[in-house]
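J.: next comes the sequence, and after it the predicted model I'd like to discuss.
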Amino acid sequence: MNQKDNINIDPKPHQNYDAQLPRVSISCWRYYDLCWKAYQLPNGALFMSDRQMALLVGQPKKIVRSFIESQSLETLAVQIDNGVKVQVYPLSVAAIYLSTLLKNGELDKHPLLFSRREWHSLIKALSRFEPISHSTPNPCFFTGNYWVEIARKISVELEVNMNIQVLLLQSGECRIEYQEGLRCVQHDSNWLVNYSPKKARILSNLKLSKDITECRVMEKDGFISIYALSIQDWLSVWEHFANRGNRLATALLKTCASIGIYLRIEEAISEANE
């Protein structure tokens, strides 16, 4: 028999095959010498089922599924080789879940016995498997812990013709995206990102947090990832620009001081929840 006779030119799909569902193959996600099973789309993207993610985060499958559903996190229906439909989730969902467990002190009994630093490294690796479209935080300064949070955008009116987009995290904390905080004072949107020892020294003098917080925000076309600073850190950044003659920064700080930015944020949250 010739070798070509062993090739199935037109293989018949499985009888349960649904042409509307993307097909996946069995793969794995590796982290140093560790490996977890995953599903892979033809474009290389990796996803995990609730069962696979349960093994990664060290939680029962039902609890994993409940967390994902309660947070309305990203999900995708796929089909494995035997035609069975499976709900899967991107690796960023695992990063969000691990961040939550770490903050709540629920990873102490995880079989991996990682230190907090090691957990942050794992969370960053899971998140970075899906690179954010724009540049990453300045690596010369932002060397602290890596957090991934679910957030929603809220427009806060500071005064007439002065609005700012604030990110409300699931924890209740409020943050402002890098580009949004710089847009308010019409400064270079890349000031906080990319490799720059000089800017790192400035950020260090401002005593900003070195932690990186990546926020996952639901938009019309799905979730996006953006980096954000705390309100207190932004007040320090705006003061830096104001001291260097940025009139917009000066006006913004005066407005924040006179009306109380935290009060305005609380009012905006109350209105959004009505």
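T.: In hand now; what should we look at?
J.: got any ranges where the stretch 1-150 of the chain has weak pLDDT?
T.: 1-19, 129-135 (pLDDT under 70).
J.: now the helices for it?
T.: Along the stretch 1-150 of the chain, counting by DSSP state H, counting those that start in this stretch, helices occupy 50-57, 61-70, 91-103, 116-128.
J.: for the third one, packing partners?
T.: Helices and strands touching helix 91-103, by 3 or more C-beta pairs under 8 Å, 6 or more residues apart in numbering; DSSP states H and E, are strand 46-49, helix 50-57, helix 61-70, helix 116-128, strand 146-159. Placement of C-beta: from N, CA and C, glycine included.
J.: out of the ones you listed, nearest to residue 181?
T.: Nearest of the helices and strands packed on helix 91-103 to residue 181, taken as C-beta to C-beta: strand 146-159 at 12.4 Å.
J.: report all helices and strands that the closest one contacts.
T.: Judged by 3+ C-beta pairs under 8 Å, 6+ apart, the packing partners of strand 146-159 are helix 91-103, helix 116-128, strand 162-169, strand 212-219, helix 247-259, helix 261-273.
J.: can I get the ones you listed in JSON lines with distance to residue 85 and mean neighbour count?
T.: As requested, these are exported to JSON lines (distance: least, C-beta to C-beta, whole Å; neighbours: other C-beta atoms under 10 Å):
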{"stretch": "helix 91-103", "distance to residue 85": "18", "mean neighbour count": "23"}
{"stretch": "helix 116-128", "distance to residue 85": "25", "mean neighbour count": "18"}
{"stretch": "strand 162-169", "distance to residue 85": "33", "mean neighbour count": "19"}
{"stretch": "strand 212-219", "distance to residue 85": "24", "mean neighbour count": "19"}
{"stretch": "helix 247-259", "distance to residue 85": "51", "mean neighbour count": "16"}
{"stretch": "helix 261-273", "distance to residue 85": "36", "mean neighbour count": "14"}
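J.: what's near enough to touch residue 21?
T.: Residue 21 is in contact with 77-79, 85, counting by C-beta atoms under 8 Å, 6 or more residues apart in numbering.
J.: next: residue 56.
T.: 36, 48, 94, 98.
J.: what of residue 94?
T.: Taking C-beta under 8 Å, 6+ apart, we find residue 94 in contact with 48, 53, 56-57, 126.
J.: and residue 209, by the same measure?
T.: Contact analysis of residue 209 by C-beta under 8 Å, 6+ apart lists 144, 229-230, 233.
J.: which SS class is it?
T.: Of the three states, residue 209 takes coil under DSSP: H, G, I helix; E, B strand; the rest coil.
J.: which pLDDT does the model give it?
T.: Looking at residue 209, its pLDDT reads 96.
J.: ok, now how distant is it from residue 160?
T.: Separation of residue 209 from residue 160 (C-beta to C-beta, to the nearest Å) stands at 32 Å.
J.: residues touching stretch 181-188, excluding its own?
T.: Contacts for stretch 181-188 (C-beta under 8 Å, 6+ apart): 164, 189, 191-192, 229, 234, 237-238, 241, 246, 248-249, 252.
J.: in that stretch, what counts as buried?
T.: Going by neighbour count (16 or more other C-beta atoms under 10 Å), the buried part of stretch 181-188 is 181-182, 184-185, 187.
J.: one step back: do you know which of the helices of the stretch 1-150 of the chain lies nearest residue 174?
T.: Of these, nearest to residue 174 by C-beta to C-beta is helix 91-103, at 16.2 Å.
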